[in-house]
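Student: fold the following.
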Amino acid sequence: MSEAPPEHVDLEKPNAARVYDYYLGGDHNFAVDRQMAEEAIAMWPELPLVMQANRAFLRRAVQVCAERGIRQFLDLGSGIPTVGNVHEVAQAAAPGARVVYVDTDPVAVAYSRKLLRDNPDATIVDADLRDPERVLGSPEVTELLDLSEPVALMMVAVLHFVPDSDAPRKVVARYREALAPGSYLVISHASHEGRPDVGPAHADLYRERTATPLTMRSTEEVTGFFDGFELVEPGVVFLPQWRPATPGDVEEHPERFTGLAGVGRKP
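Tutor: Just a heads-up that it's a prediction; the model follows:
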């Protein structure tokens, strides 16, 4: 990364958002992040492809929400908004769509503010998604979003960083309560299903090296996050299986991508 890091950035410990940025080919990461990413790739060579499949799911889900009339997006744990993020897809599909990102990583927040400074319909909140009251009551959300109207709540590749001890289902339920009928919940989540040979070791690496341990969950557990929502077809599936652009986009063994994905609508 060529720019000086923002203040209060820990350069001694890898950060999940910056490691993810590296997997996607971004340049907003540091040597400590790249070292961990390379260790993970040595363990699991297809890992960058999994991350790219996750980003592709995000784009498809945003497109579907926009096609269904959603014009507001709240992206929790948004990370570093590299190419193809929510505001780009949403505003291309529906000019004027409003997007609020939420993250606590100083690099993600600083870069997002710089990227979005000339975009009146997108902003970022420096907050922890585990504090719904702080997020929903922030000036950025209250000024840009109208929670009396439908919103797409994005929780893409983030709930696996919320341990069971932090009651993630209760966190999701609090956001659900704040959403208007017709809103959507978009989730992707790391899972131990599909690649039991490398998944647990990957989780161990995050647990040992970062401040955000990885909790992999089953299809049943991920489906549980959609309580109070009606799942959109095809339900909770492996990343490439969720509404692929063409049948050919789904490889013979989609379970090798391990990530689970789903979208639900609040009735």
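
Student: contacts and neighbour counts: CA atoms only from here.
Tutor: Will do.

Student: show me where the stretch 151-267 of the chain has its helices.
Tutor: With DSSP state H, counting those that start in this stretch, the ranges of helices along the stretch 151-267 of the chain come out as 168-178, 199-209, 219-224.

Student: weakest of those in terms of mean pLDDT?
Tutor: Of all those, helix 199-209 carries the lowest average pLDDT, namely a mean of 54.

Student: residues contacting the residue lying closest to Pro163 once chain neighbours are set aside?
Tutor: Take Pro163 and drop its neighbours on the chain: the residue closest to it by C-alpha to C-alpha, 6 or more residues apart in numbering is Thr215, 6.1 Å away. Thr215 makes contact with 160-163, 190, 203, according to C-alpha atoms under 8 Å, 6 or more residues apart in numbering.

Student: quick one: which of those residues is nearest to Val171?
Tutor: For Val171, the nearest member of those is Val162. The distance, counting by C-alpha to C-alpha, is 9.6 Å.

Student: what's the burial count for that closest one?
Tutor: When neighbours are defined as other C-alpha atoms under 10 Å, Val162 has 18 of them.

Student: equivalent analysis for Trp242, please.
Tutor: 22.

Student: just the pLDDT for it.
Tutor: We note a pLDDT of 96 for Trp242 in this prediction.

Student: check the gap between it and Leu76 for me.
Tutor: Note on Trp242: its distance to Leu76, by C-alpha to C-alpha, to the nearest Å, is 20 Å.

Student: and Pro150, by the same measure?
Tutor: When distances are taken as C-alpha to C-alpha, Pro150 and Leu76 turn out to be 16 Å apart.

Student: so which of those two has more stuff around it?
Tutor: Looking at Pro150 and Leu76 with other C-alpha under 10 Å, you find the greater number of neighbours at Leu76, namely 25 against 21.

Student: excluding its backbone neighbours, what's nearest the more buried one?
Tutor: Take Leu76 and drop its neighbours on the chain: the residue closest to it by C-alpha to C-alpha, 6+ apart is Val102, 4.8 Å away.

Student: likewise Thr223?
Tutor: Among residues not flanking Thr223 along the chain, Val236 sits closest, at 6.4 Å (C-alpha to C-alpha, 6+ apart).

Student: I'd like to know how far that neighbour sits from Arg59.
Tutor: In this structure, Val236 and Arg59 are 17 Å apart, going by C-alpha to C-alpha.

Student: quick one: which of those two has more around it?
Tutor: For the pair Val236 and Arg59, the greater number of neighbours falls to Val236 (22 against 17), based on other C-alpha under 10 Å.

Student: ok, now which ones touch that one?
Tutor: The contact partners of Val236, taken as C-alpha under 8 Å, 6+ apart, are 219, 222-223, 242, 260-263.

Student: name the nearest of those relative to Leu116.
Tutor: After measuring the contacts of Val236 against Leu116 - C-alpha to C-alpha - the closest member comes out as Val263, at 26.3 Å.

Student: any stretches of the stretch 51-200 of the chain with poor pLDDT?
Tutor: When the per-residue scores of the stretch 51-200 of the chain are filtered using pLDDT under 70, the ranges that remain are 194-200.

Student: mind listing the strands for it?
Tutor: Using DSSP state E, counting those that start in this stretch, the strands assigned to the stretch 51-200 of the chain run over residues 72-76, 98-103, 122-126, 152-156, 184-189.

Student: including distance to Thr246, could the ones you listed go into a markdown table?
Tutor: Rendered in a markdown table, the data for those read as follows (distance: least, C-alpha to C-alpha, whole Å):
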| stretch | distance to Thr246 |
| --- | --- |
| strand 72-76 | 26 |
| strand 98-103 | 28 |
| strand 122-126 | 31 |
| strand 152-156 | 22 |
| strand 184-189 | 20 |
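
Student: Val99: neighbour count?
Tutor: Taking other C-alpha under 10 Å as the neighbour definition, Val99 ends up with a count of 28.

Student: tell me what it is bridged to.
Tutor: Val99 has the following beta-bridge partners by DSSP bridges: Phe73, Ala122.

Student: which residues does it contact?
Tutor: Taking C-alpha under 8 Å, 6+ apart as the definition, contacts of Val99 comprise 72-75, 86-87, 121-123, 144-145.
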